[in-house]
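S.K.: Need the 3D shape of this:
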Amino acid sequence: MKPSFHSAPTAAARKSGTRRTLLAAAVTLAASLLPWSGAQAQASGGAYPNKPVRIIVGFPAGTGPDIVARLLAQKLSEGWGNLGVIVDNKPGAGGLIAAGEAARAAPDGYTIMLGETGQLSIAPSSYNKLPYDPAKDFAAVSQVVTSDFVLLVNPQKVPARNVKEFVDWTKQQRGLFLATFGAGTPGHFGAFMFGDAVKLKPEPVHYKNTSDALGGLFSGDVQGVFASVGLAAPNVKAGKLAALGTTGATRTPTLPDVPTIKEQGYANLEFSSWFGIVAPTKTPPEIIAKLNADIVRAVQSPEGKAKMEEAGFRVTGTSQQDFARTIAADTVTWGKAVAATGFKAD
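M.R.: Numbers count the residues shown, from 1 in each chain. Presented below is the predicted three-dimensional model:
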């Protein structure tokens, strides 16, 4: 039997086969890359957020606004797939420097601000000129928390253990000297509200920061200070400072044994502050809505809420509309307090 032989392929046939092989490989590779390419296109397109978000804070690290911003940043970052949320502290001028920078930021949702009562509702009345207009330059996103204040004294310097004893003792002294964490802050005007309620004229002593103010309290240079509950709680629980009363409508869960000042017979004395996220005013509505939904979800989650409350804050997580109404209403309320003192910061 003769062996059978196959003729070798021609050069043209070999070239055609090579093209078919390469084409098939290209099609297979393209198909394998489709899921990745689609995801990348979504990330590099209009999806928000697709890069780190910056939260500007107008106060130093360790202060109430900074604590709230960092807790919020952590939860938002987790919800955004650990995309990254940066807290950028820009302290100075009672938060005005930070607010001015935030107002000038690109309205794309990647620079937002954790604003507080002083920057957004008090400053318009206490300053003749501001580097921003709270009503025109910012869009409300969501109020995050509220914070009551507590009247603190140094138990080594002041014998009082409730508000009435403090008032009676103060009347025997050379005056009522109350520390503040800066001119134009809620604690500053809260001191005047307290003086009006107890029929005394306070002498506010302005410090640059919380550390200096508490230092004045420990040294005896001042008799008391209205501090946020979150800041006060560690010193109160350690016995270093005595809490005479809180300024909220009800007792704070952080210091449940401390009665409100209203409970102690001063019915008209109630004030608190709040912290909330705002964005440059021309930020697209869909981004504002996305931010609001994610912030509310973050702070009202069991872990987010527990951490905020542990730090001494009352979680709110409001709608955009409710926060806008709060800012406007408090601008009127605090404006009256500022007018009563005749104070101007500039």
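S.K.: who's in contact with residue 71?
M.R.: 304, 307, 308, 311 (CB atoms under 8 Å, 6 or more residues apart in numbering). No exception for glycine: its C-beta is placed from N, CA and C like everyone else's.
S.K.: Just send the residues you listed back as CSV, with distance to residue 196 and pLDDT too.
M.R.: Converted to CSV, the contacts of residue 71 look like this (distance: CB to CB, whole Å; pLDDT from 0 to 100):
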residue, distance to residue 196, pLDDT
304, 37, 96
307, 36, 95
308, 31, 96
311, 30, 92
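S.K.: List just the nearest of these to residue 221.
M.R.: Checking the contacts of residue 71 against residue 221 by CB to CB gives residue 311 as the nearest, at 28.0 Å.
S.K.: how many neighbours does the closest one have?
M.R.: 20 (other CB atoms under 10 Å).
S.K.: And for residue 255?
M.R.: Around residue 255 there are 18 residues (other CB under 10 Å).
S.K.: try residue 274
M.R.: 24.
S.K.: where's it relative to residue 201, distance?
M.R.: Applying CB to CB, to the nearest Å, the value for residue 274 to residue 201 is 28 Å.
S.K.: what's near enough to touch the nearest residue to residue 207 once chain neighbours are set aside?
M.R.: Spatial nearest neighbour of residue 207, chain neighbours left out: residue 213 (3.9 Å); criterion: CB to CB, 6 or more residues apart in numbering. The contact partners of residue 213, taken as CB under 8 Å, 6+ apart, are 179, 180, 181, 207, 222, 225, 227.
S.K.: From the contacts of residue 71, pick the one nearest residue 59.
M.R.: Nearest to residue 59 among those, with distances taken as CB to CB, is residue 311, at 14.6 Å.
S.K.: got the contact list for that closest one?
M.R.: 67, 68, 71, 230.
S.K.: repeat for residue 55
M.R.: 69, 72, 73, 85, 86, 87, 88, 112, 113, 114, 277.
S.K.: Which of these has the largest number of neighbours?
M.R.: residue 113 (30 neighbours).
S.K.: Helix, strand, or coil at that residue?
M.R.: Following DSSP: H, G, I helix; E, B strand; the rest coil, the label given to residue 113 is strand.
S.K.: Just after the one helix or strand the residue nearest to residue 207 maps to, pick out the following helix or strand.
M.R.: Using DSSP states H and E, residue 213 sits in helix 210-219. Toward the C-terminus, helix 210-219 is succeeded by strand 224-228 as the next helix or strand (DSSP H and E).
S.K.: okay, the angle between that following strand and helix 210-219?
M.R.: 140 degrees (axes from the mean of the first three to the mean of the last three CA atoms, to 10 degrees).
S.K.: Restrict strand 224-228 to CA atoms and write it as PDB.
M.R.: This file holds the C-alpha atoms of strand 224-228, laid out as PDB (Å, rounded to 0.1, in the frame of the first residue of the first chain):
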ATOM      1  CA  GLY A 224     -17.100  79.500  84.100                       C
ATOM      2  CA  VAL A 225     -17.600  78.600  80.500                       C
ATOM      3  CA  PHE A 226     -20.300  77.300  78.200                       C
ATOM      4  CA  ALA A 227     -18.800  74.300  76.500                       C
ATOM      5  CA  SER A 228     -20.300  71.700  74.100                       C
END
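S.K.: and it, which strands flank it?
M.R.: Here strand 224-228 is paired, per DSSP bridges, with strand 138-153 (antiparallel), strand 176-180 (parallel).
S.K.: To residue 261, which of these lies closest?
M.R.: For those, proximity to residue 261 was assessed by CB to CB; strand 138-153 is nearest, at 7.1 Å.
S.K.: Flag every buried residue along that closest one.
M.R.: Using 16 or more other CB atoms under 10 Å as the test for burial, strand 138-153 gives 138-153.
S.K.: Determine the number of other residues adjacent to the nearest residue to residue 266 once chain neighbours are set aside.
M.R.: By the measure of CB to CB, 6+ apart, the closest residue to residue 266 outside its immediate chain neighbours is residue 197, 4.5 Å from it. Neighbour count of residue 197, defined by other CB under 10 Å: 18.
S.K.: so who does residue 197 touch?
M.R.: The neighbours of residue 197, taking CB under 8 Å, 6+ apart as the test, are 261, 266, 268, 269.
S.K.: so who does the residue nearest to residue 178 when sequence neighbours are not counted touch?
M.R.: Nearest non-adjacent residue to residue 178, counting by CB to CB, 6+ apart: residue 191, 4.3 Å away. By CB under 8 Å, 6+ apart, the contact set of residue 191 is 178, 180, 202, 204, 226.
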